[in-house]
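1. Got a predicted structure here, sequence first:
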Amino acid sequence: MGVRVLNDTDADITGIAYDSRQIKSGFVFVAMAGGTFDGHKFVESAIEAGAAAIIAEREVDAAIKRGVPYLIAPNGRIAMGEIAAPFYGYPAREMKLIGVTGTSGKTTVTHLIQSIFNNCGEKAGLVGTLGARIGGELLDTKHTTPESVDLQRLLRYMADQGVKVVTMEASSHGLYQGRTLGCEFDCGVFTNIARDHLDFHKTVEAYLDAKLILFREYPTMSAKTFHAAINVDDPSADKVREATKGDVITFGVDVPADLQAANVVVTDRSVRFDMTYRGQTVPVMLQIGGYFNVYNALSASAAALALGLDLNTIMKGLAVARSVPGRFESVECGQDFGVIVDYAHTPDELENVLSTAKSLTSKRLIALFGCGGDRDRGKRPIMGKIGAELADVIVVTSDNPRTEDPEFIVSQILEGIPDEDKARVTVRVDRREGIREAISRAESGDLVVIAGKGHEDYQIFADRTIHFDDREVAREILTELI
């Protein structure tokens, strides 16, 4: 790590923290310089709270004079990742660990994997966007992929609870920043790649390369046999396969693969298809709607096959799986038209959701969406164009504007909508009014898609964060109108 040690004395370490407010006697405090905060400002307060040692990216003279062991590392987050797993006793070595990465589907895939293993009697844990879960026990997490010390602490807890399989979302941020360091993966799943997080990665190529860390680097960090499950229908599949250091199992619908889906039948509430592997075929019935869930089911099935389960066991686990909150979730209040809430917030996800929705109605498709502030601005006109191409009625609104002007974000979305389609567009910057507009425009047989926030129960503005749940708001408005 290129660590330089000052005040080289022994210390009994009882914990690790990167937030000085969580420091207790005997803890190591890891000071990191981030985009919005600088942990070095809190080194002295950490020592006053009882920190027994400091890991930092630069010297803080006043803290060094306190005499506690002081380690300087080029990257505090990486250093923390290097020490977290051994501190917690390498918990990943006591379980099968599956990392799921890609632009879309990670949350649903991890839930499906957990369902498959739980159904066959294996105690399975999950870590991702909606938090962590062991059976019915829910545990809050701050990030899709938690910081390394939080993640290793969580894996230790799961191992101590008898969990034998853990499936986790391995985000591009988490892989690139080293949050997953110390994880020893048995399987990595690649769902797809599309434009996302370019505010952080800058280019799609850099974004993909961050995903490839799971397949290229993590197999070399473990004595485990690594298996990669790769979606061969995605244009980047060859790059993932070439990067992989380990065994590969492919899955797909359109391109020949090890695990193949055929005879697909999709509704807004279910997916049916035949799944074939090594000459054996089983019928899959998934109680979750949307064509993209064919790929999510294949992703989960490929991971389960890689870890030794058979097709019949996998089929049964998929059959008992239920929809993930905010993922193509139907809102029913007795209305004679459909209302779907989905997390789709990237061009690829919006296109997938609207394409599926369009195939499920013979009447009009009404789409409501916006774009988040302080994120990739380039995707805004692209999403406007997709909305115009696929929806009959478009309502453009706010997502999480954060520090940006919501009306400016909307104006950038509108730039992608051709002039001849503008007559089909209604702007309601207030998201509640936007949802009201979309639902009030619906007639018998129409399908309304409310996209962008899915499971989120908040909306972020420059000066405040408010409670806001698309599903709650949709139900309130439906109850008023019908």
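-> Thanks, I have it. Numbers count the residues shown, from 1 in each chain.
2. contacts, neighbours, all on C-alpha from now
-> Will do.
3. what sits against residue 227?
-> Residues near residue 227 by CA atoms under 8 Å, 6 or more residues apart in numbering: 186, 187, 188, 246, 247, 248, 249, 306.
4. ah, wrong one, I meant residue 436
-> 474, 477.
5. can you check residue 323 too?
-> For residue 323, the contacting residues are 287, 288, 329, by CA under 8 Å, 6+ apart.
6. and those residues as CSV, adding distance to residue 276, neighbour count and pLDDT?
-> Shown next, in CSV, are these (distance: CA to CA, whole Å; neighbours: other CA atoms under 10 Å; pLDDT from 0 to 100):
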residue, distance to residue 276, neighbour count, pLDDT
287, 19, 18, 93
288, 20, 27, 92
329, 28, 24, 92
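7. Looking at the residues you listed, which one is closest to residue 6?
-> Nearest to residue 6 among the contacts of residue 323, counting by CA to CA, is residue 329 at 54.8 Å.
8. Contacts only, for the closest one.
-> Residue 329 neighbours (CA under 8 Å, 6+ apart): 323, 340, 341, 342.
9. related to what we said a few turns ago, out of the contacts of residue 227, which two sit at the greatest distance?
-> Within these, 186 and 249 form the most distant pair, 13.0 Å apart (CA to CA).
10. neighbour count winner among these two?
-> For residue 186 versus residue 249, neighbours defined as other CA atoms under 10 Å are more numerous around residue 186 (26 against 19).
11. Quick check, the more buried one in contact with residue 97.
-> Yes: at 5.4 Å, residue 186 counts as touching residue 97 under the criterion of CA atoms under 8 Å.
12. what's the pLDDT at the nearest residue to residue 381 once chain neighbours are set aside?
-> Of all residues not flanking residue 381 in the chain, residue 416 sits nearest, at 3.9 Å (CA to CA, 6 or more residues apart in numbering). Turning to residue 416, the model gives it a pLDDT of 97.
13. export stretch 444-453 as PDB, just CAs?
-> Extracted in PDB, the C-alpha atoms of stretch 444-453 (Å, rounded to 0.1, in the frame of the first residue of the first chain):
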ATOM      1  CA  SER A 444     -59.800   2.600 -20.000                       C
ATOM      2  CA  GLY A 445     -57.100   0.200 -21.200                       C
ATOM      3  CA  ASP A 446     -54.300   2.700 -21.100                       C
ATOM      4  CA  LEU A 447     -51.100   2.000 -19.200                       C
ATOM      5  CA  VAL A 448     -49.300   4.700 -17.100                       C
ATOM      6  CA  VAL A 449     -45.600   4.300 -16.300                       C
ATOM      7  CA  ILE A 450     -44.200   6.500 -13.500                       C
ATOM      8  CA  ALA A 451     -40.400   6.200 -14.000                       C
ATOM      9  CA  GLY A 452     -37.300   7.300 -12.200                       C
ATOM     10  CA  LYS A 453     -37.600   6.800  -8.400                       C
END
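14. Can you pull out the residues in contact with it?
-> If you take CA under 8 Å, 6+ apart as the criterion, stretch 444-453 is touched by 326, 336-345, 350, 354, 357, 361-371, 399, 435, 438-439, 442, 470.
15. Go through those residues and flag which are in strands.
-> Mapping the contacts of stretch 444-453 onto strands (DSSP state E) picks out 338, 339, 340, 341, 342, 365, 366, 367, 368, 369.
16. what's the most distant pair in those residues?
-> Largest separation among the ones in strands among the contacts of stretch 444-453 by CA to CA: 338 and 369, giving 16.4 Å.
17. any idea how far stretch 276-290 is from the chain center?
-> Averaging C-alpha positions (CA atoms, centre = their mean, to the nearest Å) puts stretch 276-290 24 Å from its chain's average.
18. Same check on stretch 412-432?
-> Computed by CA atoms, centre = their mean, the chain-centroid distance of stretch 412-432 equals 28 Å.
19. what does it rub up against?
-> If you take CA under 8 Å, 6+ apart as the criterion, stretch 412-432 is touched by 370-371, 377, 380-385, 387-388, 392-399, 406-407, 410, 434, 437, 473.
20. Swap in 7 Å and give it another go.
-> With contact meaning CA atoms under 7 Å, 6 or more residues apart in numbering, stretch 412-432 is reached by 380-385, 388, 392-398, 406-407, 434, 473.
21. buried set for whichever strand or helix holds residue 460?
-> Applying DSSP states H and E as the criterion places residue 460 in strand 458-460. Residues 459, 460 are the ones in strand 458-460 that count as buried (16 or more other CA atoms under 10 Å).
22. can you check stretch 307-317 too?
-> 307, 309, 311, 313, 314, 315, 316, 317.
23. Only C-alpha atoms, please: export it in PDB.
-> Written as PDB, here are the backbone C-alpha positions of stretch 307-317 (Å, rounded to 0.1, in the frame of the first residue of the first chain):
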ATOM      1  CA  LEU A 307     -22.600 -22.700  -7.600                       C
ATOM      2  CA  GLY A 308     -23.900 -26.200  -8.100                       C
ATOM      3  CA  LEU A 309     -27.700 -26.100  -8.100                       C
ATOM      4  CA  ASP A 310     -29.700 -27.900 -10.700                       C
ATOM      5  CA  LEU A 311     -32.300 -26.600 -13.100                       C
ATOM      6  CA  ASN A 312     -35.300 -28.000 -11.200                       C
ATOM      7  CA  THR A 313     -34.200 -26.500  -8.000                       C
ATOM      8  CA  ILE A 314     -33.700 -23.200  -9.700                       C
ATOM      9  CA  MET A 315     -37.100 -23.300 -11.400                       C
ATOM     10  CA  LYS A 316     -38.800 -23.800  -8.000                       C
ATOM     11  CA  GLY A 317     -36.900 -20.900  -6.400                       C
END
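24. how distant is stretch 207-216 from the center of its chain?
-> Remark: stretch 207-216 is offset 15 Å from the chain centroid, using CA atoms, centre = their mean.
25. ok, and what's touching that stretch?
-> With CA under 7 Å, 6+ apart as the test, stretch 207-216 has contacts from 101, 102, 172, 175, 176, 188, 193, 201, 240, 243, 244, 245.
26. where does this structure have low pLDDT?
-> For the chain, the stretches with pLDDT under 70 are 1, 35, 195-202.
27. quick one on the thing from earlier: so which other helices or strands are in contact with the strand holding residue 460?
-> In terms of contacts (3 or more CA pairs under 7 Å, 6 or more residues apart in numbering; DSSP states H and E), strand 458-460 is packed against strand 465-467.
28. contact partners of the strand it packs on?
-> Counting by CA under 7 Å, 6+ apart, 457, 458, 459, 460 sit against strand 465-467.
29. who's the last one bridged to?
-> This points to residue 460. Going by DSSP bridges, residue 460 is paired in beta bridges with residue 465.
30. Report the distance from the strand holding residue 460 to the chain centre.
-> The answer for strand 458-460 is 18 Å, by CA atoms, centre = their mean.
31. Reformat the contacts of strand 465-467 as TSV; add distance to residue 113.
-> Formatted as TSV, the contacts of strand 465-467 follow (distance: CA to CA, whole Å):
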residue	distance to residue 113
457	25
458	28
459	30
460	31
